[in-house]
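Novice: build me a model:
(2 chains)
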2 protein chains.
Amino acid sequence: MALRAGGWHVTAEDRDQSRARRAVELGAADALGRDIDTEVAFVATPVSAIAEVALDLLEHGGPDLVVSDVGGVKGPIVTAVAHRRFVGGHPMAGSEQEGPDGADADLFAGATWVLTPTAGTDQGAYALLRSIVTSLGADVVALEPDRHDALVAVVSHVPHLTAATLMALAADASLEEGALLRLAAGGFRDMTRIAAGSPTIWPDVFRDNASAVLPVLDELQRRIGEARAMVAGGEWRRLEELLERARDARVNLPPRVAAPGQLAELRVPVSDRAGVLAEVTTLLGGLGVNVADLEIAHSAEGEQGVLVLAIGAGDADKARAALVEHGYRPSVRRLQ
Amino acid sequence: MALRAGGWHVTAEDRDQSRARRAVELGAADALGRDIDTEVAFVATPVSAIAEVALDLLEHGGPDLVVSDVGGVKGPIVTAVAHRRFVGGHPMAGSEQEGPDGADADLFAGATWVLTPTAGTDQGAYALLRSIVTSLGADVVALEPDRHDALVAVVSHVPHLTAATLMALAADASLEEGALLRLAAGGFRDMTRIAAGSPTIWPDVFRDNASAVLPVLDELQRRIGEARAMVAGGEWRRLEELLERARDARVNLPPRVAAPGQLAELRVPVSDRAGVLAEVTTLLGGLGVNVADLEIAHSAEGEQGVLVLAIGAGDADKARAALVEHGYRPSVRRLQ
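Specialist: All right, here's what the predicted structure looks like:
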């Protein structure tokens, strides 16, 4: 959809013809099948089928055809295709919806899109792909395939497995003590939220990225063991240092906006209820304050929380004054 | 503040006299010091000082004085005080603010408040305390002191340490690869959010609850090791089962409302931006739809998410129609 909106002629193939037809119906493609003079092809199959489809495209396509993919693991695919006009890709965007009916022309606006050129990659192929991806509104990050896999193991695959493990542990414990989940407040909910996602894609991801996931799991095990030793050995100062380091790193996590620029962070203690959230966001919206980022930092226990908003630094005074007037107690700090 | 609003005469003591005076200024207490005929005393010192203060109160108070506390760990305190008119307590509520200036008369409305009577507890003392806590709007959950400690280890203490460990691991990895945190999307942010909290209270909590925390850490280690073995051994079916169990448990986590009653769950795919959140919540607010609970389920990667709302089942059709009219694609299911 985004390509067509940008003036490209798009054709679609799918193992399931009815899905390809649905894509044409929805305006995601102009026609079915492959054009002989296709300039760029994106392979969006499950990870295990990508290399085979990419090689088939390269074999039957024109001499300038550039092929990319959107798989969540890159090393094994890039190695298997090993072609100068194949550039691995991973758009860090998606939703819980599947198939053409889940398509959204704005999905990639502001998203990070990893491309994984190698020493053997044709520079023209990479440049073309980069310009197309950028034209969709995405931010390109170029990484070696194995580096990509190591990084997503840290920020996505191992956290997912950890969330599922914690949730299963608590669920099993709640079988013995029904009150347990009544004590689960916002912090626990935050930590386990991603475990609510569909499990079906994950076995493939873990299979294809096992070599990156295993050392990160080992490192997590080692660090949990270290924290355990601090608790068992009464090393409270070291434990506090660990928590301080984590706090600093989390507080300084870049906001989810393309260009942080001149932003201010507004921290507003609120009761953790929907009405309050709507009140604050509409109050700011009514003042014309653009909210670049928003999170709710729940307290570890109970229903109080802090609404953390990133807004333009120039709006900070106005926003604070309006919030104070409505009985809130915001604090403001400039980001960067 | 809530006690005074309920008609009680309240006096306040603090190690720091200026804080106690501030409490009187703010209307949280009628006067400084202890009344000789005090009926109920709440000890709200750091955990390490609670038992001593409680024993001092019981020694110098009247023959019917009931004493409770608000510490996050219960076993060691209840054992140390061991008095029939002492009932351990733990309100699951709080904010990131400290001292009398952070006080809020509504803090306990709808919160879970654990009380830990034992076989030796005076029934009248427990009944009085229970009725006071209920009058503040809190929901009482009675648990044995050691059970309480075991449960908060599972849903609060170990998750907190895990979040800090994951965040520190990612921060250290990002020193070698600056792009790492640019790949950190909503799922990672959710999982590490509680690590942004103040570290100072935690060493005390881990010291006093070490005996409950250590076995939970061991169990977490064992389960992560088990998941690791599935990845290393290619046991994909078992891994998917683990993820399915976790998904079911997380999806069925009770909503954060006192009486779920006749609720419906609305899942609305949205781009993960503040404007959309405000639009949906104000749209529903304008229709008079009361939102009982709200979470944003981020996708594992990227900025798309699903807004999960719990609303009255009677409002579900109206809410769905309005959202569809505004271009959203909500799904609805009845809870329970």
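Novice: any idea how far B:V276 is from the most centrally placed residue in chain A?
Specialist: Residue closest to the mean C-alpha point of chain A, counted by Cα atoms, centre = their mean, is A:M92 at 4.9 Å. From A:M92 across to B:V276, the span is 19 Å (Cβ to Cβ, to the nearest Å). Glycine gets a C-beta too; all of them are placed from N, C-alpha and C.
Novice: kindly report the same for A:R15.
Specialist: Counting by Cβ to Cβ, the gap from A:R15 to B:V276 is 33 Å.
Novice: ok, the two, which is more surrounded?
Specialist: Ranked by neighbour count (other Cβ atoms under 10 Å in any protein chain shown), A:R15 and B:V276 place B:V276 first, with 16 against 9.
Novice: which ones are touching A:H326?
Specialist: For A:H326, the contact set (Cβ atoms under 8 Å, 6 or more residues apart in numbering or on different chains) comprises A:E279, A:L283.
Novice: secondary structure element holding A:G89?
Specialist: Element membership for A:G89 (DSSP states H and E) is strand A:86-91.
Novice: and the helix or strand following that strand with strand A:86-91, angle?
Specialist: Past strand A:86-91, further along toward the C-terminus, the next helix or strand under DSSP H and E is strand A:112-116. Using axes from the mean of the first three to the mean of the last three Cα atoms, to 10 degrees, the inter-axis angle of strand A:112-116 relative to strand A:86-91 is 160 degrees.
Novice: paired strands for strand A:112-116, with orientation please.
Specialist: strand A:86-91 (antiparallel), strand A:139-142 (parallel) (DSSP bridges).
Novice: contacting residues around that strand?
Specialist: Contacts for strand A:112-116 (Cβ under 8 Å, 6+ apart): A:68, A:74, A:78, A:87-93, A:126, A:129-130, A:133, A:136, A:138-145, A:148, B:182-183, B:302.
Novice: and the strands paired with strand A:112-116 as CSV, adding mean pLDDT, mean neighbour count and distance to A:R250?
Specialist: What follows is those, written out as CSV (pLDDT from 0 to 100; neighbours: other Cβ atoms under 10 Å in any protein chain shown; distance: least, Cβ to Cβ, whole Å):
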stretch, mean pLDDT, mean neighbour count, distance to A:R250
strand A:86-91, 95, 26, 24
strand A:139-142, 86, 16, 21
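Novice: out of those, which comes closest to B:E235?
Specialist: Proximity to B:E235 (Cβ to Cβ) singles out strand A:86-91 among the strands paired with strand A:112-116, at 25.8 Å.
Novice: okay, now the domains of chain A?
Specialist: Here the domain assignment for chain A is A:2-143, A:148-251, A:263-334, based on automatic domain parsing.
Novice: what's the most buried one of these?
Specialist: domain A:148-251 (a mean of 21; mean count of other Cβ atoms under 10 Å in any protein chain shown).
Novice: average model confidence for that one?
Specialist: Across domain A:148-251, pLDDT averages out at 91.
Novice: let me have the domains of chain A in TSV, extended by distance to B:A103.
Specialist: What follows is these, written out as TSV (distance: least, Cβ to Cβ, whole Å):
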stretch	distance to B:A103
domain A:2-143	40
domain A:148-251	20
domain A:263-334	12
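Novice: what's the closest of the ones you listed to B:A210?
Specialist: Closest among those, using Cβ to Cβ: domain A:148-251, at 5.3 Å.
Novice: can you show me the helices along chain A?
Specialist: With DSSP state H as the criterion, chain A has helices at A:2-5, A:17-25, A:50-60, A:75-81, A:123-135, A:145-152, A:158-176, A:186-192, A:202-208, A:210-233, A:236-251, A:274-286, A:316-325.
Novice: got the angle between the longest one and helix B:158-176?
Specialist: In this case it means helix A:210-233. 130 degrees.
Novice: what's helix A:210-233 in contact with?
Specialist: By Cβ under 8 Å, 6+ apart, helix A:210-233 touches A:75, A:146, A:149-150, A:152-154, A:157-158, A:161-162, A:206, A:235-236, A:238-239, A:242, B:161-162, B:164-166, B:168-169, B:206, B:210, B:213-214, B:217-218, B:220-221, B:224-225, B:227-228, B:231-232, B:234.
Novice: equivalent analysis for the second one, please.
Specialist: Outside helix A:17-25, the residues that touch it by Cβ under 8 Å, 6+ apart are A:A12, A:E13, A:D14, A:A29, A:D30, A:A31, A:L32, A:G99, A:P100, A:D101, A:A103.
Novice: likewise for the first one?
Specialist: Contacts of helix A:2-5 with the rest of the structure, by Cβ under 8 Å, 6+ apart, involve A:V10, A:G27, A:A28, A:A29, A:D30, A:A105, A:D106, A:L107, A:F108, A:I132, A:L136, A:G137.
Novice: and the two most separated of those residues?
Specialist: A:D30 and A:G137 (21.1 Å).
Novice: now do the strand holding A:G89: distance to the chain's middle.
Specialist: 16 Å (Cα atoms, centre = their mean, to the nearest Å).
Novice: re earlier: output the contacts of helix A:17-25 as a markdown table; include the columns pLDDT and distance to A:A5.
Specialist: Compiled in a markdown table, these are given as follows (pLDDT from 0 to 100; distance: Cβ to Cβ, whole Å):
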| residue | pLDDT | distance to A:A5 |
| --- | --- | --- |
| A:A12 | 95 | 15 |
| A:E13 | 94 | 21 |
| A:D14 | 94 | 21 |
| A:A29 | 95 | 13 |
| A:D30 | 96 | 12 |
| A:A31 | 96 | 17 |
| A:L32 | 95 | 20 |
| A:G99 | 82 | 20 |
| A:P100 | 87 | 16 |
| A:D101 | 85 | 18 |
| A:A103 | 85 | 12 |
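Novice: closest to chain B among these?
Specialist: A:D101 (8.5 Å; Cβ to the nearest Cβ).
Novice: please look at that closest one and A:L26 and confirm they touch.
Specialist: Yes - applying Cβ atoms under 8 Å as the test, A:D101 and A:L26 come out as touching, 7.2 Å apart.
Novice: please report phi then psi for A:T45.
Specialist: Dihedral pair for A:T45: phi -90, psi 170, per degrees, to the nearest 10.
Novice: any idea how far A:D204 is from it?
Specialist: 11 Å.
Novice: try A:L58
Specialist: 23 Å.
Novice: before we move on, what about A:P46?
Specialist: Taken as Cβ to Cβ, the span from A:P46 to A:D204 is 6 Å.
Novice: check A:V114 too.
Specialist: 18 Å.
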